[in-house]
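Student: let me see the structure of the following:
(2 chains)
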Amino acid sequence: MAKAALETVEKETKQYIVVKVGNEQYGIDISYVDNIVRMQKITRVPKAQNYFKGIINLRGEIVPVMSIRIKMDLPDDVFTNASRIIIVKIEEKGSMGIIVDQVKEVVTLSRDDIERVTNKGRFINGIGTHGDELISLFEINAIIEENV
Amino acid sequence: MDVSQYLDVFIDEANEHLQSLSDCIMTLEKEPENMDTINEIFRAAHSLKGMAGTMGFKRMQHLTHDMENVFQEVRSGKIKVDSAMIDLLFKCLDAIEGYQDNIRATSDEGTEDNDIIIKELNDFIAAANGEKPKAGEKAEQKAEQKPEAAAENEKRFLEFELNDSEKDKIRSSEESGLHIYGLTVYIQKECLLKAARAFLVFKAVEEYGEILVYNPSSQEIEDEHFDCDFSFYIGSSEEYDKIFQAAKAVSEIDDVIGEEVHYETLVAKQEKAENDAAAEEAKAAKETESEVEKTSAPAAETPVAAPSAAAAPAKQQAAAGSKKQTIAKPVTNRTVRVDIEKLDALMNQVSELIIAKNSLVSISSTEAADFQNQSFREQIEYLERITTTLHESVMKVRMVPIESVVNKFPRMIRDLCRKLDKKMDLYMSGEDTELDRTVVDQIGDPLQHLLRNSADHGLEDNETRVAKGKPEVGSIFLKAFQEGNNVIIEVGDDGSGIDVEAVRSKAIERGVITEEQADMMTQKEIINLLFLPSFSMAKKITDISGRGVGLDVVKSNIEALGGDVEVKTQLGEGTTFTVRLPLTLAIIQALMVEIRDEKYAIALGSISNIEDIPVKDIKYVEAEEVIHLRGKVIPLFRMDQVLDFEPREEEPESLTVVIVKKGDSLAGLVVDNLMGQQEIVIKSLGKYINNTKLISGATILGDGEVALILDVNTLM
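Tutor: Numbers count the residues shown, from 1 in each chain, chains lettered A, B, ... in the order given. Coordinates of the predicted model:
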């Protein structure tokens, strides 16, 4: 999976939305991102997978919202004023919300800024360097995959 | 010619014709002498041929053409309908359906020629002709409907008289080195704009040369003063075939007949005709007459040429035939074909409207003084009424009878009779029951599965039936009817029923359940094991059923449509599967309830009544809570527990219980608060969340909040 992604980014630069989850900074490929919304009421769905917080009404559409923290075995989310839901859109399967603690900025990374990693965890496909900060890059497809 | 824009229409109409063919052939099997049916089949095959030809599907055209030929023979009484023939005809239908599928998928008919079927068809004709060689030969010639084989008297261009100036034209063209061709074009009888077709033909052939003589005159053709045929002479430097193809390519043209002519022969013929006028006139008239018959009613064609004694009954038949044709032709319906996608779009907009209306309603019911205005409230109520009616109308538009799905089943059962060597009859009722189009489209496979199941596993073979004292011929029934917000389709048989003990031991043997579990299970629960994946009771695998991909697929398909399926069986007497489907997929009336601090919707259609039950009235059966209400014992579900809430510390004295029903079974749902009735738009939870069947979707409330919809059927 990481390999396929590698080929597509070979030459060009890519934009990432930098978010904070816990103490770490993560980058989400901007081409997947449909929208960023403030925290709103999430309706719990009983018996769903534990990492699903529930569903929200996004302008008349029902969108499921997942907790990336639970999926990454981190402590459960604490919603603050800075919490946001990143709405990512994947062909065919539709939209999904991912809760993050904070949205920081949008950065442009070229290939040289990104170090590909495969051993950093299931959801990370690379580490980007921006200034003196390190950004772990999410592999969106792995995150939305069901039985991880 | 670009015909792609007609493709949808073609597919729709071809389906209709195929269906009517299938129905008629079924009827024909029972009443091989039924002339009406034979005519009907002939017409359907003929229309199919014409349509396929127009669309350029040559193979399909060829096959239908040969089918038509066989019926020609049947109609003239030279072939008797027997079961071998019926089988063959069904094979043809399957082949045509094959073409259809290809066309639907790729806009092309594919490359399967179906030579074997065509050969068999021709063998039939040959066999018929072999018995009566003389009459047969002639009939075949006529049936062939190809220009070279067609009877000479169809070349009508030879018949009309040429005046001097026309003769001159022809002669001068010929002298200038052009070929002269005479053509007669037959337009389909159903064609509405004959003049336009004629114009198209002229336009097409004039690319190759100049039309010298028209008959009827061009003015008459323009004014549509002609029957179904017209003739012309054309001078051209091209081959005849090119002109022929050009004329033939125009749609709604039945046939084109023509050949190269020479001035000399033409004139000679005319002169001869004039000379023999007296003698020939009568005969010519008769020929024309019989030809008129031919064009106006191919139904009545008899191979016998025109001695008047024979011609008279033939003519009568022709009249009868053409009369029936007009009757059979559907009266122009005041209907419009609409793409389902457009309806979906409309439905979505109505959904949006209802959500918007709901939020207006919720705003208006707030305490704010601004909204206490009398007339404002009246308008809101008015709006509510309108949106509800609008929604109902849109729903009705989307409803189609299940007929289109179930009417292929008689044929299937017939085939199964043969394959399984069991005698059985299918009884259907309620074919006119209507369901949402999307549901109807997807209900075919599950029903088919259930019917096959009944035929294969349900019914015993004939000997066993007789030995058991049952009627030899097994019956399978399919019953559809509406019940509240649901449509019920029952598929059953009067066969041996399900042997619960056998299912139980099989389940234990397969390790699906343990012996102890089995002892705990009710009969119903054990029967429901049949719906588990890869649980087949078939002793041997046939190509009809028994592969273990049966009932579980049925169940999941039906559940995907928001319905459910249950089974009732009586050992020795039969089995009935009951499929329950929601009338609509999109918008329902629901009761909103609160369970703790969450809001849930329960479809109004499944609610029987609502009760306040004092806690002390709760009884226990096998450690499960039940209530005893008007002579019925109803299991109680604490919805807060079902939905994984933390248990409450202290219990109220009285519980609000929503009694829901599914068929005969009832269940009581304990909720905390009733919020009232509301029209809700069902939205799917999407593909990510795999949740239990208990939540069938979500809806957006007036204040923008999301509420989940409980599918109470899963509790029972």
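
Student: now do the strands in chain A.
Tutor: Secondary structure of chain A (DSSP state E): strands at A:14-21, A:24-29, A:33-38, A:52-58, A:61-67, A:84-90, A:94-100, A:102-109, A:114-116, A:124-130, A:133-138.

Student: can you list the domains in chain B?
Tutor: In the domain annotation for chain B, the residue ranges read B:4-144, B:152-275, B:344-400, B:402-582, B:587-715 (automatic domain parsing).

Student: if we compare those, which one ends up closest to chain A?
Tutor: Proximity to chain A (Cβ to the nearest Cβ) singles out domain B:587-715 among the domains of chain B, at 4.1 Å. (Each C-beta comes from the backbone N, C-alpha and C, glycine too.)

Student: what is the end-to-end distance of that closest one?
Tutor: 22 Å (Cα to Cα, to the nearest Å).

Student: sketch out the low-pLDDT regions of chain A for me.
Tutor: A:1-11, A:120, A:146-148 (pLDDT under 70).

Student: what parts of it come near chain B?
Tutor: With Cβ under 8 Å from any Cβ of the partner chain as the criterion, chain A meets chain B at residues A:41, A:43-49, A:52, A:55-57, A:60-64, A:66, A:93-96, A:144, A:146.

Student: contact partners for the most centrally placed residue in chain A?
Tutor: Nearest residue to the geometric centre of chain A (Cα atoms, centre = their mean): residue A:28, 5.1 Å. The neighbours of residue A:28, taking Cβ atoms under 8 Å, 6 or more residues apart in numbering or on different chains as the test, are A:16-17, A:19, A:86, A:88, A:98, A:138, A:140.

Student: do residue B:34 as well
Tutor: Here residue B:34 is in contact with B:27-28 (Cβ under 8 Å, 6+ apart).

Student: and it, backbone torsions?
Tutor: Dihedral angles of residue B:34 (phi, psi; degrees, to the nearest 10) stand at phi -70, psi 110.

Student: tell me the pLDDT at it?
Tutor: Listed pLDDT for residue B:34 reads 78.

Student: coming back round to it: how far away is the residue nearest to the centre of chain A from chain B?
Tutor: 17 Å (Cβ to the nearest Cβ, to the nearest Å).

Student: tell me the two of the contacts of residue A:28 that are most distant?
Tutor: For these, the maximum inter-member distance is 14.0 Å, found between A:16 and A:98 (Cβ to Cβ).

Student: so residue B:669 belongs to a strand, correct?
Tutor: Yes. Using DSSP: H, G, I helix; E, B strand; the rest coil, the assignment for residue B:669 is a strand.

Student: nearest residue to it in space, please, no chain neighbours.
Tutor: residue B:658 (4.6 Å; Cβ to Cβ, 6 or more residues apart in numbering or on different chains).

Student: who are the contact partners of the most centrally placed residue in chain B?
Tutor: Among the residues of chain B, the one closest to the centroid is residue B:404, at 3.8 Å (Cα atoms, centre = their mean). Shown in contact with residue B:404 (Cβ under 8 Å, 6+ apart): B:19, B:440.

Student: in a strand, it, correct?
Tutor: No. Residue B:404: not assigned to a strand; according to three-state DSSP it is helix.

Student: which bits of chain B sit near chain A?
Tutor: B:352, B:355, B:598, B:642-644, B:683-692, B:694-695, B:698, B:700, B:704-708.

Student: among those residues, which ones are in strands?
Tutor: B:598, B:695, B:698, B:700, B:706-708.

Student: next, format these as CSV and append neighbour count and pLDDT.
Tutor: Rendered in CSV, the data for those read as follows (neighbours: other Cβ atoms under 10 Å in any protein chain shown; pLDDT from 0 to 100):
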residue, neighbour count, pLDDT
B:598, 19, 90
B:695, 21, 87
B:698, 27, 90
B:700, 23, 86
B:706, 23, 91
B:707, 21, 92
B:708, 26, 92
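
Student: what's stretch A:67-82 in contact with?
Tutor: Outside stretch A:67-82, the residues touching it (Cβ under 8 Å, 6+ apart) are A:21-22, A:39, A:50-53, A:83, A:98-103, A:121, A:123, A:143, A:148.

Student: so who does residue B:394 touch?
Tutor: Neighbours of residue B:394 in contact, by Cβ under 8 Å, 6+ apart: B:343, B:346-347, B:350.

Student: ok, of these, which come out buried?
Tutor: Neighbour counting by 16 or more other Cβ atoms under 10 Å in any protein chain shown classes B:343, B:347, B:350 among those as buried.

Student: which pLDDT value goes with the second one?
Tutor: According to the prediction, residue B:347 has pLDDT 83.

Student: pretty sure it is touching residue B:396, no?
Tutor: No. Here residue B:347 does not reach residue B:396: they are 11.7 Å apart, not a contact under Cβ atoms under 8 Å.

Student: chain neighbours aside, what residue packs nearest to residue B:200?
Tutor: residue B:250 (4.5 Å).

Student: which residues sit in contact with that neighbour?
Tutor: Counted by Cβ under 8 Å, 6+ apart, residue B:250 has contacts B:197, B:200-201, B:204.

Student: swap in 6 Å and give it another go.
Tutor: With contact set as Cβ atoms under 6 Å, 6 or more residues apart in numbering or on different chains, residue B:250 has these partners: B:200-201, B:204.

Student: so what's the residue count around residue 118?
Tutor: Assuming you mean chain A. 11 (other Cβ atoms under 10 Å in any protein chain shown).

Student: hm, I was asking about chain B
Tutor: Residues near residue B:118, counting by other Cβ under 10 Å, number 18.

Student: can you tell me the helix or strand for it?
Tutor: Following DSSP states H and E, one finds residue B:118 within helix B:115-131.
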